[in-house]
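Trainee: Need coordinates for the following:
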Amino acid sequence: MTNTKATLTEKKYLLTFIFVTSLFMLWGIAHAMSDVLNKHFQNVLHVTKAQSGLIQLSVFGAYAVMSIPAGLFMKKFGYKAGVLFGLGLFATGTFLFVPAANAESFGMFRLALFILGCGMATLETVAHPFAAALGAQETSDQRLNFSQSFNAVGTMIGPAIGSYFLLRASNQESDLSSVKTLYVSIGLAISIIAILFSFIKVPVLQIGHGHEGEETTVQEKPLWQQRHFIWAVIAQFFNVAAQAGTWSFFINYGHDVMGFSDEQAANYMIIFMAMMALGRFVGTFLMKYIAPNKLLGTFAFGSIVSCLVVAQAWGWTSYIALMMINFFFSIMFPTIFSLGLKNLGKHTQQAASFISMGVVGGAFFPLIMGILANYSVAQAYYLPILCYAVIASFAFKFYQVKK
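Mentor: Numbers count the residues shown, from 1 in each chain. Sure, this is the predicted structure:
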């Protein structure tokens, strides 16, 4: 197999690429299930909507703590060790759900979610440059979008699992046994994946965006003088803030505005996540004809319009608009990530750590939306408009690499 534009990866990298792509699906499942946990803990532990937003603070706050250490760990020990370290933290967090459930302690659940989040932060920091390095520089964007498509698949699986094990169960019982069963099962699956991956021989890779010997225009300025990178971190912060807020109260919107049961609303969340998968495939196709930054800006504008309609609580019209937010959100994370890493050369790995740390935006926004959602979950969707305005600014102006 030759290294051409038509080649997604090379034969020698194929097995490794399959495993790395599976990681994208894993944290997609975990992120989406944390949104189902929001409603489950409201039912079982009797926390308010605002308090349930602390779940996202625990998960996304871990990104502020772990992204930089994970990048340093990867730089010292390599991609494979970084993946195994992330999977170990991920599994540890899931197993800690057992003592948390036994104690019926929301605080202990938050600690377990924080450790789980540290695992996800490590995996995200490692997996993005890892996937980019598993082939030619010219096809790195295609690999990231392909891998991110499986992240979208994971976000569809997460609500389905959560609805079956948690919300369906919460209609029948008030204990937390379903939470223990679910997360222990996930922990065992992650442990098996880690063991299998430990036997995979990873080819020697250069730490950076691409391979030694490939010609690319590299800016030699210090990282902090790279305007497009700084704005990518800012845009990613607001992007994940909007995502976390939108996802966290999707089930509440279905229950409060549409009159669905919790289980029905969680089932609609599967369609909600399918819209993201659809948007990612459509967006990847459109990028053949439309510059990525222009498509990103267009999708950000579509999100703003959708949020305005959702906030009006116009029944099915607003509910469809809520679904469309996830369609427009689809390309944002990988596109911001890719634009932010352009032409950084030896700074690529460090830049990936900081862009991953931008995910901490998701730690705070659900708290703010939750306060407003206590009064009106529909009007809480005015708040993400600010986030999408920042993303549009990055897409139309600040994405450019300055020489």
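Trainee: Give me the number of neighbouring residues for Leu144.
Mentor: 23 (other CB atoms under 10 Å). Every residue, glycine included, has its C-beta placed from N, CA and C.
Trainee: scratch that, Lys288
Mentor: 6.
Trainee: quick one: contacts for it?
Mentor: Not one residue lies near Lys288 by CB atoms under 8 Å, 6 or more residues apart in numbering.
Trainee: can you give me phi and psi for it?
Mentor: Phi and psi for Lys288, reported as degrees, to the nearest 10, are phi -70, psi -20.
Trainee: How much space separates it from Phe272?
Mentor: 27 Å (CB to CB, to the nearest Å).
Trainee: Same check on Ala380?
Mentor: Taking CB to CB, one finds Ala380 at 16 Å from Phe272.
Trainee: Name the SS class of Lys402, please.
Mentor: Three-state call for Lys402 (DSSP: H, G, I helix; E, B strand; the rest coil): coil.
Trainee: so how many other residues sit close to the nearest residue to it once chain neighbours are set aside?
Mentor: Nearest-residue entry for Lys402: Arg227, 5.2 Å, with adjacent residues in sequence omitted and distances by CB to CB, 6 or more residues apart in numbering. Each residue near Arg227 was counted by other CB under 10 Å, and the total is 14.
Trainee: So Arg227 sits against Lys397, correct?
Mentor: No - using CB atoms under 8 Å as the test, Arg227 is too far from Lys397 to be in contact (10.1 Å).
Trainee: Quickly list what's touching both of these two.
Mentor: Taking CB under 8 Å, 6+ apart as the criterion, Arg227 and Lys397 do not both touch any residue.
Trainee: Could you measure from the residue lying closest to Thr335 once chain neighbours are set aside over to Pro366?
Mentor: Leaving out its chain neighbours, the residue that sits closest to Thr335 by CB to CB, 6+ apart is Leu296, at 4.9 Å. In this structure, Leu296 and Pro366 are 23 Å apart, going by CB to CB.
Trainee: who's more crowded, the two?
Mentor: Shown here are Leu296 and Pro366; by other CB under 10 Å, Pro366 has more neighbours (32 against 28).
Trainee: In contact with that one: list those residues for me.
Mentor: With CB under 8 Å, 6+ apart, Pro366 has these contacts: 53, 55-57, 244-245, 248-249.
Trainee: other SSEs contacting the helix or strand that Ala392 is a member of?
Mentor: Under DSSP states H and E, the secondary-structure element containing Ala392 is helix 384-393. Here helix 384-393 touches helix 227-248, helix 292-310, helix 361-373, going by 3 or more CB pairs under 8 Å, 6 or more residues apart in numbering; DSSP states H and E.
Trainee: how far does the last one sit from the chain's center?
Mentor: Right, helix 361-373. Remark: helix 361-373 is offset 17 Å from the chain centroid, using CA atoms, centre = their mean, to the nearest Å.
Trainee: In PDB, could you pull the C-alpha coordinates for it?
Mentor: The C-alpha trace of helix 361-373 is given here as PDB (Å, rounded to 0.1, in the frame of the first residue of the first chain):
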ATOM      1  CA  GLY A 361     -15.300  24.600  29.200                       C
ATOM      2  CA  GLY A 362     -17.800  21.700  29.700                       C
ATOM      3  CA  ALA A 363     -17.100  21.800  33.400                       C
ATOM      4  CA  PHE A 364     -18.800  25.100  34.100                       C
ATOM      5  CA  PHE A 365     -21.400  25.700  31.500                       C
ATOM      6  CA  PRO A 366     -23.900  23.100  32.700                       C
ATOM      7  CA  LEU A 367     -23.900  24.700  36.100                       C
ATOM      8  CA  ILE A 368     -24.800  28.000  34.700                       C
ATOM      9  CA  MET A 369     -27.500  26.500  32.400                       C
ATOM     10  CA  GLY A 370     -28.800  24.400  35.300                       C
ATOM     11  CA  ILE A 371     -29.500  27.500  37.300                       C
ATOM     12  CA  LEU A 372     -31.600  28.900  34.500                       C
ATOM     13  CA  ALA A 373     -33.100  25.500  33.700                       C
END
